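[1] Okay, here's the prediction I keep looking at, along with the sequence it came from:
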Amino acid sequence: MKALIAALLAALVAAPLVAPFASAQDTAGGGGFAISPAELRVPNALLRGGYYEATMRLQNSHDHAVTITPSGAGAIASWIRTDPAEPFSMAPATSRTLRVMVTVPEDAANGPYEGAVRIDISGHGAPTETGSVASVNMAFAPAVKLSVSGDQVRRLAFERARVLDAEAGQPVTFVFDVVNTGNVRAAPSFAVAIEDAEGRKVHEETLKGLEIAPGVRSAIALKTSRGLAVGAHEATAALVADGEPRPREGLAFEIHPAGTLSRSEGKSGQLAGLSADARPRAGSLVKVTGVFASDSTRAIDAARLVGEVSRDGARVALLAGDGLAVLPGTSRPLDAYWTPTEPGVYRVKVWATYDGLETEAREIDLIVEPPAGGKVPPTGAGTTDASGASAQKPKGIPGPGALAILGLAGAAAWAIRRRA
């Protein structure tokens with residue numbers, strides 16, 4: 001038995017990517033904990049004073065709540081921040097994201113660096129019939145690997161585009177999914193062309209978005225400068241860049257007669273409420289939530305919160321959340337996210353789009369506090385191309401490496417408990 005325990009513990013120490021430790025009771029309550037991805041590797045060299053962010057997926061499979069305490073670790077611990085930064089609770093059988101932000105000091109030397117995001121997990125389950133209490137006490141340290149260089153890389157990856165139906169005379173809304181895979185902020189522009197059902201080009205325009213921080217995936221909603229006539233239409237859209245553009249063809253949509261879309265489809269709704277995180281800090285992610293209330297007789301396929309953020313009368317950010325289905329006669333919160341770069345007072349104006357319709361806009365003022373520490377993401381210039389892959393693993397269930405290591409941790413805990 002001693003040889004078995006020694007072999008299991010040796011495998012845990014030698015396991016790549018994740019460095020967990022576990023108490024003898026961490027699997028007593030059933031379930032486990034997983035993190036994905038098991039390593040954050042910055043794809044491009046960062047500049048001195050540069051910034052990068054990514055997200056990690058946390059999954060609590062225990063049958064009781066656990067407390068999560070995140071922090072930076074290793075040689076670049078002071079470069080790493082998380083959002084949330086303070087300890088937080090996760091309910092049983094739930095998952096959530098953790099935002100990781102890396103800021104390189106101005107005096108950092110060129111070369112490779114490695115640190116970690118330390119995630120401590122603790123918690124206690126309900127007493128069993130025998131009076132024993134299941135407990136969890138473990139930690140993970142997914143590696144953060146990057147290099148520092150003086151070279152700027154300005155690169156955007158264009159993932160997909162879609163077009164929302166509209167009414168005659170109303171601007172047409174394009175939604176673009178873009179990832180900044182470079183190491184400086186970059187503002188995307190898109191060339192769109194629209195044809196009618198006869199193949200005639202009826203509109204052509206370049207739509208300009210706002211800057212996206214390195215490592216960030218963003219859904220950008222942009223409107224055309226004018227509306228179109230009633231009928232079926234098809235659009236193409238391409239990211240405007242120095243490299244090869246990636247056009248998206250066959251983006252079909254419909255222009256409906258003015259004032260008849262809701263009556264013909266039996267769909268209508270309103271934005272019943274609006275809220276945002278209270279007094280956020282510059283450089284932290286802000287969640288804006290609008291409650292969409294449907295008074296439709298039919299289900300709504302996709303309700304989405306969109307809008308803009310302004311300061312001193314100038315637009316500084318665009319908002320676009322995910323599309324969610326809403327059942328007839330029900331309400332559902334819709335979220336959109338934004339990261340302010342400077343403290344101050346901002347005006348947030350949002351509305352909901354749903355199946356080609358829009359609600360009336362609602363507005364709130366938001367006070368952004370100075371950052372608690374670190375630097376605000378820098379801006380930069382350089383070359384742009386449309387190539388590149390996502391800087392992070394898509395959200396979802398943990399990868400096989402993390403699950404395999406969790407299995408070893410559980411086996412070691414079981415063996416030690418049996419030996420005791």
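    Thanks, I have it.

[2] Which residue is the nearest non-sequential neighbour of residue 155?
    residue 182 (3.9 Å; CB to CB, 6 or more residues apart in numbering). For the C-beta atoms, the positions are set from N, CA and C on the backbone; glycine is no exception.

[3] cool, and residue 269?
    Closest to residue 269 by CB to CB, 6+ apart is residue 294, at 4.3 Å.

[4] pretty sure that neighbour contacts residue 327?
    Yes - at 7.2 Å, residue 294 counts as touching residue 327 under the criterion of CB atoms under 8 Å.

[5] more crowded one of those two?
    Neighbour tally, residue 294 and residue 327, criterion other CB atoms under 10 Å: the higher count belongs to residue 294, 23 against 12.

[6] just checking, what packs against the longest strand belonging to the chain?
    In the chain, taking DSSP state E as the definition, the longest strand is strand 111-127. On a contact count with 3 or more CB pairs under 8 Å, 6 or more residues apart in numbering; DSSP states H and E, strand 111-127 meets strand 66-74, strand 80-83, strand 94-103, strand 133-140, strand 143-148.

[7] in the stretch 101-250 of the chain, which spans are strands?
    Under the criterion DSSP state E, counting those that start in this stretch, strands of the stretch 101-250 of the chain are mapped to 111-127, 133-140, 143-148, 154-163, 166-167, 171-180, 189-196, 201-208, 217-227, 231-239, 248-256.

[8] And the pLDDT at residue 181?
    Looking at residue 181, its pLDDT reads 84.

[9] For residue 75, grab the count of nearby residues.
    Residue 75: 11 neighbours (other CB under 10 Å).

[10] Residue 281 contacts residue 369, correct?
    Yes - using CB under 8 Å, residue 281 is in contact with residue 369, at 4.8 Å.

[11] ok, those two, which is more surrounded?
    Counted by other CB under 10 Å, residue 281 and residue 369 do not tie: residue 281 has more neighbours, with 17 against 13.

[12] Flag the shaky bits of this protein, pLDDT-wise.
    1-31, 242-246, 260-267, 297, 372-420 (pLDDT under 70).

[13] hmm, back to that, and for residue 281 and residue 369, which residues touch both?
    residue 343 (CB atoms under 8 Å, 6 or more residues apart in numbering).

[14] Report the residue ranges of every domain in this protein.
    2-149+396-419, 154-259, 265-368 (automatic domain parsing).

[15] any idea how far residue 109 is from the closest residue to residue 35 other than its chain neighbours?
    Leaving aside its sequence neighbours, residue 35 sits nearest to residue 140 (CB to CB, 6+ apart; 5.3 Å). The gap separating residue 140 from residue 109 is 29 Å, by CB to CB, to the nearest Å.

[16] between these two, who's got more neighbours?
    residue 140 (27 against 8).

[17] The more buried one against residue 98, yeah?
    No - between residue 140 and residue 98 there is no contact under CB under 8 Å: 11.1 Å.

[18] what residues are shared contacts of these two?
    In contact with both residue 140 and residue 98: residue 119, using CB under 8 Å, 6+ apart.

[19] Which stretches in the stretch 301-420 of the chain count as helices?
    For the stretch 301-420 of the chain, the helices defined by DSSP state H, counting those that start in this stretch occupy 400-419.

[20] can you pull out the strands in it?
    314-320, 324-326, 331-338, 344-354, 357-358, 362-368, 384-385.

[21] What strands line up against the second one, and which way round?
    This means strand 324-326. strand 300-311 (antiparallel) (DSSP bridges).

[22] what do you get for the third one?
    Looking at strand 331-338 with DSSP bridges, its partner strands are strand 286-294 (antiparallel).

[23] tell me which residues of the partner strand are tucked away?
    286, 288, 289, 290, 291, 292, 293, 294 (16 or more other CB atoms under 10 Å).

[24] Torsion angles phi and psi at residue 77?
    phi -60, psi -40 (degrees, to the nearest 10).

[25] what residues are up against it?
    Contacts of residue 77 (CB under 8 Å, 6+ apart): 71, 115.

[26] Can you tell me how far it is from residue 144?
    Where residue 144 is concerned, residue 77 sits at a distance of 10 Å (CB to CB).

[27] now do residue 177
    Applying CB to CB to residue 177 and residue 144 gives a distance of 25 Å.

[28] quick one, which of those two is more surrounded?
    Counted by other CB under 10 Å, residue 177 and residue 144 do not tie: residue 144 has more neighbours, with 26 against 15.
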